[in-house]
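Trainee: Got a predicted structure here, sequence first:
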Amino acid sequence: MFLKRVELKRELISSYKEYPFSIPSIRSLEQMEIENNVTFFVGENGSGKSTLLEAIAEMCGFNTAGGGRNNIYQVHRAESALGQYIRLSWWPKVTNGFFLRAESFYNFATHIDEMWEEDKVNSYKAYGGKSLHEQSHGESFLSLFLNRFRGGAIYLLDEPEAALSPQKQLSFLKILHDLTTNGNCQFIIATHSPILLGYPGATIFSFDDGEIKEVNYEETDHYQITRYFLENREKFLRDILEEEE
């Protein structure tokens, strides 16, 4: 455990009507206590979970387009609008880690290729020994997790399931387990995946209903909707399709 608390610096906010404070969950944030080495952020699209995760990444010194402290490249509109308004409390402070932003991972992979063109030696070593563009989307994500991720670090992941099949999500859970139990790592993950959310003992913060609150796995929409769909697939689809007619 490294990052202990995230606090909104309300004294710096001049208006709650503009983004990102127009997001109800962000506007209601006082402070978030993090008491687990695996923490999930869940909520509907636009609920603020990625906005807060990106702000944490910025205050960690990571590239908000995706990467660590030493990955310097630009992606349009990758900067955080919230970063300067939050305060992070650490014990102890760490500088090692990585921010995975699924939507701009292609740009990160291109950045690694450009580093290879410059030095021809080390840039692929942390990614399975070859270009991320020469691997499938899912393979490139797993190469990152298996080769770049090491102990004594904090990892911030925004929708890592975007490239992972259900089977590969299970593989990621094993990597997560190994890094947290043997590698002294901390993870904060924004996700829609009911598989990832099932990781035992994790803390889950919901950003729905205009506030950030801790919930149990079985209380998440991800679990409830997935379970209902699997148990009542024909009725579920019939009800949805008939509503649209």
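Mentor: Noted; the coordinates are in hand.

Trainee: lowest average confidence, helix or strand, in the protein?
Mentor: The helix or strand with the lowest mean pLDDT-type score in the chain, counting by mean pLDDT, DSSP states H and E, is helix 105-119 (a mean of 69).

Trainee: In stretch 2-18, which residues are buried?
Mentor: Counting neighbours by 16 or more other C-beta atoms under 10 Å, one finds that the buried residues in stretch 2-18 are 2-3, 6, 8. Every residue, glycine included, has its C-beta placed from N, CA and C.

Trainee: will you turn those residues into JSON lines that also has pLDDT?
Mentor: Formatted as JSON lines, the buried residues of stretch 2-18 follow (pLDDT from 0 to 100):
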{"residue": "2", "pLDDT": "94"}
{"residue": "3", "pLDDT": "97"}
{"residue": "6", "pLDDT": "98"}
{"residue": "8", "pLDDT": "97"}
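
Trainee: and which of those residues is nearest to residue 81?
Mentor: residue 8 (13.2 Å; C-beta to C-beta).

Trainee: about what we covered before: toward the C-terminus, what is the element adjacent to the least confident helix or strand of the chain?
Mentor: Heading C-terminal from helix 105-119, the first helix or strand you meet, by DSSP states H and E, is helix 137-143.

Trainee: Alpha carbons of that next one, as PDB, please.
Mentor: In PDB, the C-alpha atoms belonging to helix 137-143 read as follows (Å, rounded to 0.1, in the frame of the first residue of the first chain):
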ATOM      1  CA  HIS A 137      -4.300  -6.000 -29.000                       C
ATOM      2  CA  GLY A 138      -4.800  -8.400 -26.200                       C
ATOM      3  CA  GLU A 139      -1.300  -9.800 -26.500                       C
ATOM      4  CA  SER A 140       0.200  -6.400 -26.300                       C
ATOM      5  CA  PHE A 141      -1.700  -5.600 -23.100                       C
ATOM      6  CA  LEU A 142      -0.500  -8.900 -21.500                       C
ATOM      7  CA  SER A 143       3.100  -8.200 -22.700                       C
END
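
Trainee: circling back to that earlier point, turn the buried residues of stretch 2-18 into JSON lines, including distance to residue 112 and secondary structure.
Mentor: Output for the buried residues of stretch 2-18, formatted as JSON lines (distance: C-beta to C-beta, whole Å; DSSP: H, G, I helix; E, B strand; the rest coil):
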{"residue": "2", "distance to residue 112": "26", "secondary structure": "coil"}
{"residue": "3", "distance to residue 112": "26", "secondary structure": "strand"}
{"residue": "6", "distance to residue 112": "29", "secondary structure": "strand"}
{"residue": "8", "distance to residue 112": "34", "secondary structure": "strand"}
